[in-house]
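Q: pasting the structure only:
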Ligand code: GCU
């Protein structure tokens, strides 16, 4: 098994240690001579001063020193020298992983085995694996781990109740790595304790949360806070009591404030019971409609966590307008490492090119934190597909510094993980970097998304969601496909600032890859390169399949060690099957509707 720090021979030490102690241990084991000076005011920041005799002087906060140590160690493992002084600090305060782990041991949208933290309704883990995970996360710069699913199923509420000592023991294991735990809470939890309501304005409810928070922080004094999914996909929330989400979030914020905790409040609120006949409702508009008017109404220890796109982690979505529009509110962008819609950790899908596009669209300081849904599980390699670990690592690098170059980040991971020769390294890096575009080509075309098998979300099913409740329609008919989301259509585009509206509103100038997200167009529409829309759909799908075949051949030439080699081969074969299914089913679907043949005469099944 090759994880990016596997080449560190030393075991992670047992027993309690501060991050600074751990930094000393890690440096010593790696044979790096360093003098550490702790400056609590520096927090996560650090400074590295190389001296003439091979010694390094490090200054930093407790966690800063640990990050400095991993910076030196990864440089050493990559064969790089740090010859001049450098200072660094993370851009975002909370660099979070959200695990969707249930206490029965299953993982919602998990593709790497069962939970690392729970089994049989109990907290249950291998301390060795947790320490290895702590080292991996800290070396990538991550600092918050929410352990349980945002859908809080029984008995996960007990993490705040009689399972609190178990949560505290887990927090102790992560603490030396500078990783603070977070828990997802059930908004209706007071009702498990004889209170007849969860109304956020009820004094009994407010007191219950205050007392509960006091108990939780007595056990886990550095808990990062509570993560909340409220009024979303059937979860309880303030709407039941005629209250808004500022009422709900601020009530919890008041309970956490004395302990320095945050309420991370998710904004994934939409009507998941839409009638497909209803053309007035357009799901991507929902988050803005529920939150934008509340800008400035949230307490200063509330963070609104918004999925990066207005739908739900599709292969291509525009940046959510809510991330641009709430200037007086703490905001976090939510990404998804779990490959729910992006190949289930069977298909290769390296996310950093997609994330770079998002960060480039985000104005400076519009968010203060980032979160990503975990791709972790108890598979031996932690991420199911050995190459999916690149997403965990490079997410950490971007959460630290969103300006990190994609190629440099992927190269670093590749070098740390496999230590290939330079030609092999270049080959793997370029395969990883192109994998998202390849997947995009053979799946749902030009920003339309959602043509997946319902519920499971792997494999093609062009009309699988078309007559369902989830608000994700493409409305393909004999002439046209897509939804008009411009001012003349559903008005979704009106939620953006002028320069963005301008970029997308005209189909003749709208970037191709977003065309069917914003517009309803006939198959005969002329693309900027002169091809018709239908021809572009056919071409992309055939190309995606060809690229997958080339990817498979190129990967098979790389000298992966076992067991990675076998797992990669087995998953690649499944990806080849999947890509062919997607290509043929999508092409056949549009050919049957439009009756327009492929100009190049390739085989499309009728
Ligand atoms: C998606 C996903 C669910 C998840 C939800 C969320 O809808 O399919 O499994 O619970 O997102 O983000 O809350």
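A: Happy to help now that I have it. Because the structure is predicted, anything quoted here is derived from the model rather than measured.
Q: Quick one: mean pLDDT over whichever helix or strand residue 553 is part of.
A: Using DSSP states H and E, residue 553 sits in helix 533-556. Regarding helix 533-556, the rounded mean pLDDT is 98.
Q: State the distance from the closest residue in space to residue 532 that isn't next to it in sequence to residue 484.
A: Excluding the flanking residues, the one nearest residue 532 by CB to CB, 6 or more residues apart in numbering is residue 524, at 5.4 Å. C-beta here means a position set from N, CA and C on the backbone, and glycine is covered the same way. Per CB to CB, to the nearest Å, residue 524 is found 17 Å from residue 484.
Q: who's more crowded, these two?
A: residue 484 (18 against 13; other CB atoms under 10 Å).
Q: any weak-confidence spans in the chain?
A: Applying pLDDT under 70 to the chain picks out residues 1-2, 7-10, 13-16.
Q: Kindly report the residues of it close to the ligand.
A: 108, 109, 150, 151, 229, 233, 268, 312, 340 (CB under 6 Å from any ligand atom).
Q: I'd like the next helix or strand past the helix holding residue 553.
A: helix 564-594.
Q: Could you figure out how far that next one is turned away from helix 533-556?
A: 170 degrees (axes from the mean of the first three to the mean of the last three CA atoms, to 10 degrees).
Q: And helix 564-594, what does it pack against?
A: helix 422-442, helix 533-556 (3 or more CB pairs under 8 Å, 6 or more residues apart in numbering; DSSP states H and E).
Q: I'd like to know which elements the longest one is packed against.
A: With contacts defined as 3+ CB pairs under 8 Å, 6+ apart, the secondary structure elements packing on helix 533-556 are helix 422-442, helix 564-594.
Q: Which one, of those, ends up nearest to residue 132?
A: helix 564-594 (16.4 Å; CB to CB).
Q: Centre of the chain to that closest one, how far?
A: 24 Å (CA atoms, centre = their mean, to the nearest Å).
Q: Kindly report the same for stretch 505-523.
A: The answer for stretch 505-523 is 27 Å, by CA atoms, centre = their mean.
Q: can you list the residues that contact it?
A: If you take CB atoms under 8 Å, 6 or more residues apart in numbering as the criterion, stretch 505-523 is touched by 316-318, 440, 445-449, 474-475, 479-487, 489, 492-493, 503-504, 525, 527-528, 532-534, 536, 590, 594, 596.
Q: Would you mark the buried spots in it?
A: Neighbour-count burial for stretch 505-523 flags 505, 507, 510, 513-521, 523 (criterion: 16 or more other CB atoms under 10 Å).
Q: Nearest to the ligand: which residue in the stretch 401-550 of the chain?
A: Proximity of the stretch 401-550 of the chain to the ligand (CB to the nearest ligand atom) peaks at residue 457, 6.8 Å away.
Q: if we can go back for a sec, reformat the helices and strands packed on helix 564-594 as TSV; add mean neighbour count.
A: Listed next are those as TSV, based on neighbours: other CB atoms under 10 Å:
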stretch	mean neighbour count
helix 422-442	19
helix 533-556	19
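Q: Tell me which of the ones you listed lies nearest to residue 19.
A: Closest among those, once you apply CB to CB, is helix 422-442, at 30.5 Å.
Q: And that closest one, what does it pack against?
A: Looks like helix 422-442 contacts helix 352-361, helix 406-418, helix 533-556, helix 564-594 (3+ CB pairs under 8 Å, 6+ apart).
Q: any residues touching the first one, and which ones?
A: Okay, so that is helix 352-361. 308, 315-316, 319, 333, 335, 390-391, 394-395, 398, 402-403, 406, 409-410, 433, 436-437.
Q: Where helices are concerned, which of the residues of the chain next to the ligand count?
A: Judged by DSSP state H, helices contain none of the residues of the chain next to the ligand.
Q: for those residues, which one is nearest residue 180?
A: Using CB to CB, the residues of the chain next to the ligand come closest to residue 180 at residue 150, 17.6 Å.
Q: What's the local residue count around the closest residue to that closest one other than its chain neighbours?
A: Spatial nearest neighbour of residue 150, chain neighbours left out: residue 229 (4.0 Å); criterion: CB to CB, 6+ apart. Using other CB under 10 Å, residue 229 has 24 neighbouring residues.
Q: Equivalent analysis for the one 3 residues further on, please.
A: The number of residues packed near residue 232 is 19, by other CB under 10 Å.
Q: could I get the helices and strands packed on helix 533-556 as TSV with distance to residue 79?
A: Shown next, in TSV, are those (distance: least, CB to CB, whole Å):
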stretch	distance to residue 79
helix 422-442	11
helix 564-594	22
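Q: Those helices: which one's closest to residue 275?
A: helix 564-594 (23.1 Å).
Q: What residues sit buried inside the closest one?
A: Buried residues in helix 564-594, defined by neighbour count with 16+ other CB under 10 Å: 564, 567-568, 571-572, 575-576, 578-579, 582-587, 589-591, 593-594.
Q: between the buried residues of stretch 505-523, which is nearest residue 254?
A: residue 517 (39.5 Å).
Q: who touches residue 460 in this structure?
A: 443, 451, 452, 453, 581, 582, 585, 586.
Q: In contact with the residue lying closest to residue 598 once chain neighbours are set aside, which residues?
A: Excluding its sequence neighbours, the residue lying closest to residue 598 (CB to CB, 6+ apart) is residue 538, at 4.8 Å. Contact analysis of residue 538 by CB under 8 Å, 6+ apart lists 587, 590, 591, 598, 600, 602, 604.
Q: roughly how far apart are the second one and residue 490?
A: Using CB to CB, one obtains 23 Å as the distance from residue 590 to residue 490.
Q: same check, this time on the fifth one
A: Between residue 600 and residue 490 the computed distance is 35 Å (CB to CB).
Q: More neighbours: those two, which one.
A: More crowded of residue 600 and residue 490, by other CB under 10 Å: residue 490, with 19 against 9.
Q: ok, now which ones touch that one?
A: Residue 490 touches 282, 285, 483, 484, counting by CB under 8 Å, 6+ apart.
Q: Next up, phi/psi of the first one, please.
A: Per-residue torsions, residue 282: phi -130, psi 110 (degrees, to the nearest 10).
Q: what's around it, how many residues?
A: 20.
Q: just checking, it touches residue 483?
A: Yes - between residue 282 and residue 483 there is a contact under CB atoms under 8 Å: 6.8 Å.
Q: hmm, back to that, name only those of the residues of the chain next to the ligand that count as buried.
A: 109, 150, 151, 229, 268, 312, 340.
Q: Would you point out the most distant pair within these?
A: Those two in those that are separated most widely, counting by CB to CB, are 229 and 340, at 15.5 Å.
Q: before we move on, back to that, correct me, but the residue nearest to residue 150 touches residue 151?
A: Yes - between residue 229 and residue 151 there is a contact under CB under 8 Å: 6.5 Å.
Q: Now for those two: what residues contact both?
A: Contacts common to residue 229 and residue 151, judged by CB under 8 Å, 6+ apart, are 184, 235.
Q: nearest residue to residue 424 other than its sequence neighbours?
A: Nearest one to residue 424, counting by CB to CB, 6+ apart, is residue 558 at 5.6 Å.
Q: next one: residue 42
A: residue 61 (4.1 Å).
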